[in-house]
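K.L.:
sharing a sequence plus its predicted fold:
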Amino acid sequence: MAARETKPNGKSQLIRDLKNGEFATLYIISGEESYMKEYYLRQLRQKVVDETFADFNLIEFEGKGLTPEMLTEAIDSYPAMADKKLIIVKDFDLFKPPAGFADVLPSVLGDLPEYVCLVFYYDVLDGKPDKRTKLYKTLEKRACFAEFAHAEEQELVAWLERRAKALGCMIEPGDASYMIFLCGNSMTNLAGEMEKAAAHTTTGVIKRYNIDAVCSPVLDAVVFDLTDAVTAGRFDRAVALVGELLAQKNNEVMIFTAITRHIQRLYAAKLCAENRGGEKQLMEMIGSKSPYYARQIQNAARRVPLSWLRKAASLCAETDAALKGGAADRQKQIELTLLTMAAELKGEKK
């Protein structure tokens, strides 16, 4: 049965298909950015299925309970009073399927009827294809792989500006970048934080103080403040932040992993500066797509000597081993390491 060739950029193909109203028989939607995945799944529901006949032409399965018989029956039944039917399967591991699917999937997915629009949607599972498998070779020819990664900072800033406008406010690009730094790059999370900031402003302009007043910082942003407190000699503030993170149900290993990662990024920024590396090079070194974050790391790294960063990195490695080795009081272990870091820095500055 004829099928369209896979386009090089599956995300662009999905967007084009929705615009043109011409749909592939098979989509595989995955990626980190839940907001965009959910948006385009909603669009498929609206565009492929007439709501009047949704009871007949929209079938949804959870991957965990799916059987080969359920899938083939859904595919083989014709749509009612329509040209297409939509079948959505959520979190089904195509490349490590349950028993009974191995022989079925290549033949079924390789010859889907034109009246079917089948979507494998990944929310909890990552949905990354295993290109070594026989099934992948079939899907490569037949499926549209639409992967939604987190947007670049420039895209997110423009999107936040549009969100603010829709809420009757405005936000400057610098303040939008700060919101991304504080709240993370998840569009789902940022949408909620933007609503809080818009409700807080009394001037119609969302400023940094509105964001600080009502928005919830992600772990990396709190750790940034925590490390700044250590380097500024404000040990009490650093300990208080550890307590706040624990109260928010972050475990000690997770918190200290974030601290270690931050120290490593400061070290990378220091080395990059000493070798006259630019912002782009630093972003590659620290694995960040955010120019704003890279500049913040650069500024923080300027305030501490390289020798201290080496010692701090060594302390982090020792503490990480102790925490994972079953330290009796993990919170105290973290606090002791932060105190040692602060003392070492004070000695460096004398």
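P.N.:
Structure's in. What do you need? Residues are numbered from 1 along each chain as shown.
K.L.:
from residue 86, how far off is residue 53?
P.N.:
Per Cβ to Cβ, to the nearest Å, residue 53 is found 11 Å from residue 86. Every C-beta, even on glycine, is put in place using the N, C-alpha and C of the backbone.
K.L.:
who's more crowded, the two?
P.N.:
Neighbour totals were compared for residue 53 and residue 86, and residue 86 leads with 23 against 14 (other Cβ atoms under 10 Å).
K.L.:
residues near residue 79, how many?
P.N.:
By other Cβ under 10 Å, the burial measure for residue 79, its neighbour count, is 20.
K.L.:
surely it meets residue 85?
P.N.:
Yes: the criterion here is Cβ atoms under 8 Å, and residue 79 meets it with residue 85 at 3.9 Å.
K.L.:
and for these two, which residues touch both?
P.N.:
56-57, 115 (Cβ atoms under 8 Å, 6 or more residues apart in numbering).
K.L.:
the residues you listed in helices, which ones?
P.N.:
56-57 (DSSP state H).
K.L.:
can you flag the buried ones in the shared contacts of residue 79 and residue 85?
P.N.:
Burial by neighbour count, judged by 16 or more other Cβ atoms under 10 Å, picks out 56-57 from those.
K.L.:
need the shared contacts of residue 79 and residue 85 in CSV with pLDDT, can you?
P.N.:
Shown next, in CSV, are the shared contacts of residue 79 and residue 85 (pLDDT from 0 to 100):
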residue, pLDDT
56, 92
57, 95
115, 96
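K.L.:
for residue 308, state which of the shared contacts of residue 79 and residue 85 is nearest.
P.N.:
Nearest to residue 308 among the shared contacts of residue 79 and residue 85, counting by Cβ to Cβ, is residue 57 at 64.5 Å.
K.L.:
tell me where the model's unsure across the stretch 101-250 of the chain.
P.N.:
Scanning the stretch 101-250 of the chain for pLDDT under 70 picks out nothing.
K.L.:
helices of that one, start to end?
P.N.:
Ranges of helices in the stretch 101-250 of the chain, per DSSP state H, counting those that start in this stretch, are 104-109, 134-142, 153-166, 173-183, 187-200, 208-214, 219-231, 235-247.
K.L.:
for residue 345, which of these is the nearest?
P.N.:
helix 219-231 (6.1 Å).
K.L.:
so who does the nearest residue to residue 86 once chain neighbours are set aside touch?
P.N.:
Of all residues not flanking residue 86 in the chain, residue 48 sits nearest, at 4.4 Å (Cβ to Cβ, 6 or more residues apart in numbering). Taking Cβ under 8 Å, 6+ apart, we find residue 48 in contact with 23, 84-86, 117.
K.L.:
so of those residues, which ones are in strands?
P.N.:
85-86, 117 (DSSP state E).
K.L.:
make CSV out of those residues and add distance to residue 211.
P.N.:
Putting these into CSV (distance: Cβ to Cβ, whole Å) gives the following:
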residue, distance to residue 211
85, 45
86, 39
117, 41
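K.L.:
figure out which of the helices of the stretch 101-250 of the chain is closest to residue 270.
P.N.:
helix 219-231 (12.4 Å).
K.L.:
ok so, going back, identify the farthest-apart pair in the contacts of residue 48.
P.N.:
Applying Cβ to Cβ across the contacts of residue 48, the maximum distance is between 23 and 85, 10.8 Å.
K.L.:
list residues touching both of these two?
P.N.:
With Cβ under 8 Å, 6+ apart, residue 23 and residue 85 have common neighbours 48, 117.
K.L.:
check residue 348 and give its pLDDT.
P.N.:
pLDDT for residue 348: 73.
K.L.:
over to residue 39?
P.N.:
For residue 39, the pLDDT comes out at 96.
K.L.:
wait, is it part of a helix?
P.N.:
Yes: under DSSP: H, G, I helix; E, B strand; the rest coil, residue 39 sits within a helix.
K.L.:
I figured residue 135 hits residue 101, correct?
P.N.:
No: contact status for residue 135 versus residue 101: not in contact, 9.5 Å apart, counting by Cβ under 8 Å.
K.L.:
hang on, the earlier thing: and residue 301, which of the helices of the stretch 101-250 of the chain is closest to it?
P.N.:
In terms of Cβ to Cβ, the element of the helices of the stretch 101-250 of the chain nearest to residue 301 is helix 219-231, at 9.9 Å.
K.L.:
wait, residue 184 touches residue 192, no?
P.N.:
No: in this structure, residue 184 is not within contact of residue 192 by Cβ under 8 Å, at 11.3 Å.
K.L.:
these two - which one has more neighbours?
P.N.:
The neighbour count for residue 184 versus residue 192, taken as other Cβ under 10 Å, is higher for residue 184 (19 against 13).
K.L.:
and that one, how close does it get to residue 208?
P.N.:
In this view, residue 184 and residue 208 are 17 Å apart by Cβ to Cβ.
K.L.:
just residue 181 next, same as before
P.N.:
Going from residue 181 to residue 208 by Cβ to Cβ gives 10 Å.
K.L.:
the more surrounded of the two?
P.N.:
Set residue 181 next to residue 208 and count neighbours by other Cβ under 10 Å: residue 181 wins out with 21 against 15.
K.L.:
wait, the more buried one touches residue 295, no?
P.N.:
No: in this structure, residue 181 is not within contact of residue 295 by Cβ under 8 Å, at 9.7 Å.
K.L.:
phi, psi of residue 59?
P.N.:
Main-chain dihedrals, residue 59, degrees, to the nearest 10: phi -120, psi 130.
K.L.:
contacts only, for it.
P.N.:
Residues near residue 59 by Cβ under 8 Å, 6+ apart: 74, 85-88.
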